[in-house]
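K.L.:
Give me coordinates for this.
(chains A and B)
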Amino acid sequence: MVVKEFPRFLEWLTGGDLLLSGAIATFLLIAVGCLFLGTLFGYFVAVMRHGPFEAFYATANTLFQSVPDFLRTSPRRIFALARLAVKEAFRRKIVLSVLGIFAVALLFGGWYFDSGSEHPERTYIGIVTWGTQLLVLMMGLLISSFSLPDDIKNKTIYTVVTKPVRPTEIILGRILGFAGLATVLLFIMALVCLMFVSRGLSHGHVVDGPSQTIASLQKIDQDTGVTLDGHRIPTNTAYLGATSQRDNHRHRMRVIKQIVRKGEPEPTNLSDVVKVEEDADKKTYFRMVIDGQGGHTHSVSLRPATSLDENDSEIIVGPASGFFRARVPLYAESLLFTDSVGVTKAEGVVTGDEWTYRGYVQGGASLAKATFEFAGIRPDRFSTPDHVEMEMTLGVYRSYKGDVDRRILAEVYFESVPDETADRKVKFQSDPISFETMEFDVQGVVFPRSMSGRSLDENGNTLQKGMQLDFFDNLASSGRVRVILRCADRDQYLGVSRADVYFRAGEATYWVNFFKAFFGIWLQMLIVVTLAVSLSTFLSMPVTMFGTVLVIILGFVSEFIRELIKPEAEGGGPIESFVRVITQRNMQTPLPDGFLTSAMEWVDDGLLAILNALTYIVPDFSKLDFSQYVKFGYWIDGDRLWVATFLALSFCAGLVVFGYFNLKTREIAA
Amino acid sequence: MNSASGDISAKATSTKDVSQKDFKSSLETNPDYDPNLVIETQSLSKVYRDFWGRQKVRALKSLDLEIRKGEVFGLLGPNGSGKSTTIKLLLGLLFPTAGRALVFGKDAVDVTKNERIGFLPEESYLYKFLTAEETMDFYGRLFDMPAAVRRERSAALIDKVGLTWAKRRQLKEYSKGMTRRIGLAQALINDPELILLDEPTSGLDPLGTREMKDMILDLKAQGKTVVMCSHLLADVQDVCDRIAILYKGELKELGRVDRLLKVTDETQLRVKNLSPAAEAEIRAVLSKHNTTVLQMDHPKTTLEELFLNIVRESEQHPGRRSAGTENE
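P.N.:
Residues are numbered from 1 along each chain as shown, chains lettered A, B, ... in the order given. Predicted structure coming up:
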């Protein structure tokens, strides 16, 4: 999942130090610009009807009347028109049809999901959110496109506009009605989807073997890290087994040894402990664990708790866990790369990958590293005070084959960022911790709060070695901390991006996150309904639908279009591309010089400019789509929601004003 | 239609009072406003144009009209004469090409004037998926009426137009006559001072037509101003105080109905039990004064009256065949 730079909401809204660069300033600028252009357009239309002088008064009159029209808008009338819209949708059986399609899709959709695939929850969540989004947007489009044109065509609007009803009330009433109806439907769909996904992924296992006891597991005598049949296993494994096959997968079951030395805190949860061995200076806990598979694992407990020698404890494999996550990440503020000769750069080594999302760090070179700087690291933001958890999705580029059974090794260490105002800038640095990378998969790394390290002076000279450092009190005492990643394997490469490495501040409630994703769909639906109602004030139903669909498509692909029309993009504009297709020229072949080519390029430039402008006029639907966060198990933070809400409401407000002037200046009976 | 609720207009709503007071006070600032002048048009013209702005038809040509408070005013004319265009201009459904239309002293496009207007369109353009009760409630809400007032007025008006028995049926199940009745009821939901009726008797059976005309007269008796347009001359003749006759968008005649219809150089005698001898004597007298007797015979009732008599008699004496004139 690609996470882009994202500012705080207030910073985004106000522009921070640069006031005129904030969203409010942009919104006001666009609003004033649109009002000016709209007035100008209205004046020209009026000139054609009435001549220049009458047109001036007509335009001014319309503008002045709009103020009391907006101020005297009656909630009761809006509510009456909203109720009418809801009744219309109900009695025309639109709601029933949509729910019917949704039910049928879910009933038969389950047939095509493979719950045994890698991360089946991603498939499930991706499909249900996409399907619901499609259905709700289509419904919103349909009901809001036909309503007003139908009213005008059937002349039922005569009995409404001859009452003291203002155009604002007609527009807002319809938007409120249709959006309210779609909200209820979307809520029902979200609930059903949540149950559908939970039910679809719910499964259990038993121990694969003659009995549900430890006897079904194979004892590993040596800490070699290899089983008798040659499979690699972690070195602390004491017993090895497997669960039964279910939903096309099974899990590895292990009994691992956890050593707790004297003075270290003892584990509190002992439900999975099968045996405890006690020496003079340490205790060894033998714990039953189930390894993750396909993005989930299972809890395990023993009944009754007993020793290994008796072999009669029943192993109880619990329900699946880990599918539904809402990880709260704390992302780095910056990422800098240092190359093998110690030069700091903004980008890492390019390994030839066309996708430049990750930069690479050369392995084995002592100076090459990736430095992430985090801010706002405070104990109150972490739900686990005794340790710090990080998650990483690290890319790997192998310049030689090496040991294919062993994954690339990486090192991580922490470094404090001294407060700029402090007199003596002493820095703390933890000792490097090595770990095996999971190579393009998410891996969690847990660090104890207390770790060994050293202190350094301003010039980087060691002041004291072998110190016991507290993560929050020493390393992140200023609220800022650097995380430094290195590749330990010589001449192999470690790929990182800013969003790939983050602190896991905690785990939020999954279902809240699920509903947040649906809130994004709700915002999209609100825009679609408002847009369709607004366009239907002056367009017929088919044209309204076409226009709205066009905006939706542009809204979803606006970023792609912007990429496509960049000057460095090869192949030219629409006409040049077409010419290349029919003349079978590839994108790099230069076209013959001449007037026709020049003319074609001018026209293409014009078309691309229009296309570019369109991508900024239509709402960016990708900013309102949070399904990826739920799909990949990340918490949707409040700033994103606030920005999305502000964007959607601003766009809707503009559309309401646009619709108002259309309806106000329209001859209903013409 | 039931006349039990004839005094319904007396039950004015407090909300309506407030809004009308505001409206009236705003008019007091207009020194030209004559409170007795409900509608005024000045050189009102309307030209329909196509998409490119080219003139398609000139629907109304420089109409000057004044309609005063308490009048029943009829707009007459054949199809395409500009009657409906005039009504639509007065309601703000169309914008004038030239001239102006004032309703209660305000421009016709001003929505606040609608507080005091009731409108029955030609085809009763109502929402077919609503029931009669829901229809009345919906339009009541559009007048910002409180729930209690809405309920009271809805029930009274549904009763007044005789649709209590069908008030929970969707309008798509209604006959044309029933739709006209509920259309009229919705036009009266706000107890309007001015009622605009576009072809009010269109689609009604003779009984319904009579009831509609009675309703109009009832509204007149309550002091309301009624403007109706129709091409059915008999309807207009029966209820209107003044009429305007339009033809191809131009005003051809304007005046009081009784004066316009009065044939001053002809006299009609209508007597009862006239004997042949007396008739001969009358003819002799008329001959002596050099008059020409055009016609002297037994007057005929109208078909409408005959039908009504039969229906009334049938209601009073079910099963009895009415005494017709076939055997005479």
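K.L.:
When you work out contacts or count neighbours from here on, use the C-alpha atoms and nothing else.
P.N.:
Noted.
K.L.:
Near the residue in the stretch 51-200 of chain B that chain A sits nearest to, how many other residues are there?
P.N.:
Nearest to chain A in the stretch 51-200 of chain B, going by CA to the nearest CA, is residue B:125, at a distance of 4.5 Å. By other CA atoms under 10 Å in any protein chain shown, the residues close to residue B:125 number 19.
K.L.:
What of the one 5 residues further on?
P.N.:
With neighbours defined by other CA under 10 Å, the count for residue B:130 comes to 20.
K.L.:
ok, now residue B:291?
P.N.:
Residue B:291: 10 neighbours (other CA under 10 Å).
K.L.:
What's the separation between it and residue B:75?
P.N.:
37 Å (CA to CA, to the nearest Å).
K.L.:
Just the pLDDT for the residue nearest to the residue of the stretch 51-200 of chain B closest to chain A when sequence neighbours are not counted.
P.N.:
Once flanking residues are discounted, residue B:125 sits nearest to residue A:156: 4.5 Å by CA to CA, 6 or more residues apart in numbering or on different chains. With respect to pLDDT, residue A:156 scores 91.
K.L.:
Name the SS class of residue A:156, please.
P.N.:
At residue A:156 the chain is in coil, as set by DSSP: H, G, I helix; E, B strand; the rest coil.
K.L.:
Contact residues of chain A facing chain B?
P.N.:
A:49-50, A:74, A:76-77, A:80-81, A:84, A:87-88, A:91, A:154-166, A:667-670 (CA under 8 Å from any CA of the partner chain).
K.L.:
Any idea how many residues pack against the residue in the stretch 301-450 of chain A that chain B sits nearest to?
P.N.:
In the stretch 301-450 of chain A, no residue comes nearer to chain B than residue A:324, which is 44.6 Å away by CA to the nearest CA. The local packing of residue A:324 (other CA under 10 Å) involves 25 other residues.
K.L.:
do the same with residue A:9
P.N.:
Around residue A:9 there are 18 residues (other CA under 10 Å).
K.L.:
and what of residue A:458?
P.N.:
Around residue A:458 there are 11 residues (other CA under 10 Å).
K.L.:
Hmm, it is touching residue A:426, no?
P.N.:
Yes: between residue A:458 and residue A:426 a contact is recorded at 6.3 Å, counting by CA atoms under 8 Å.
K.L.:
residue nearest the centroid of chain B?
P.N.:
In chain B, the residue lying closest to the centroid (CA atoms, centre = their mean) is residue B:228, at 4.0 Å.
K.L.:
Helix, strand, or coil at residue A:82?
P.N.:
Residue A:82 - assigned by three-state DSSP - is helix.
K.L.:
Need the pLDDT of residue 102.
P.N.:
Chain wasn't specified; assuming chain A. Value for residue A:102, per-residue pLDDT: 89.
K.L.:
um, chain B though
P.N.:
So residue B:102 comes in at 92 (pLDDT).
K.L.:
What strand or helix carries it?
P.N.:
Applying DSSP states H and E as the criterion places residue B:102 in strand B:98-103.
K.L.:
Enumerate the positions of that strand that are buried.
P.N.:
Residues of strand B:98-103 classed as buried: B:98, B:100, B:101, B:102, B:103 (neighbour count, 16 or more other CA atoms under 10 Å in any protein chain shown).
K.L.:
I figured the second one hits residue B:107, correct?
P.N.:
Yes: look at residue B:100 against residue B:107 with CA under 8 Å: they come within range, at 7.4 Å.
K.L.:
Report the set of residues contacting both of these two.
P.N.:
Here residue B:100 and residue B:107 share no contacting residue, scored by CA atoms under 8 Å, 6 or more residues apart in numbering or on different chains.
K.L.:
ok now stretch B:141-149, how far from the chain's centre?
P.N.:
26 Å (CA atoms, centre = their mean, to the nearest Å).
K.L.:
ugh, wrong one, I meant stretch B:162-172
P.N.:
Using CA atoms, centre = their mean, the offset of stretch B:162-172 from its chain centre is 23 Å.
K.L.:
quick one: contacts of stretch A:182-197?
P.N.:
With contacts defined as CA under 8 Å, 6+ apart, stretch A:182-197 is touched by A:99, A:102, A:106, A:121, A:124-125, A:128, A:132, A:136, A:139-140, A:511, A:514-515, A:518, A:522, A:525.
K.L.:
PyMOL command for the buried members of the residues you listed?
P.N.:
Only the buried entries of those go into this PyMOL selection, using 16+ other CA under 10 Å:
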select buried, chain A and resi 102+106+121+124+125+128+132+136+139+140+511+514+515+518+522+525
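K.L.:
Sheet partners, orientation included, of the strand or helix carrying the residue nearest to the centre of chain B?
P.N.:
Element membership for residue B:228, per DSSP H and E: strand B:225-230. Looking at strand B:225-230 with DSSP bridges, its partner strands are strand B:72-76 (parallel), strand B:194-198 (parallel).
K.L.:
which parts of the last one are buried?
P.N.:
Neighbour counts using 16+ other CA under 10 Å place B:194, B:195, B:196, B:197, B:198 of strand B:194-198 among the buried residues.
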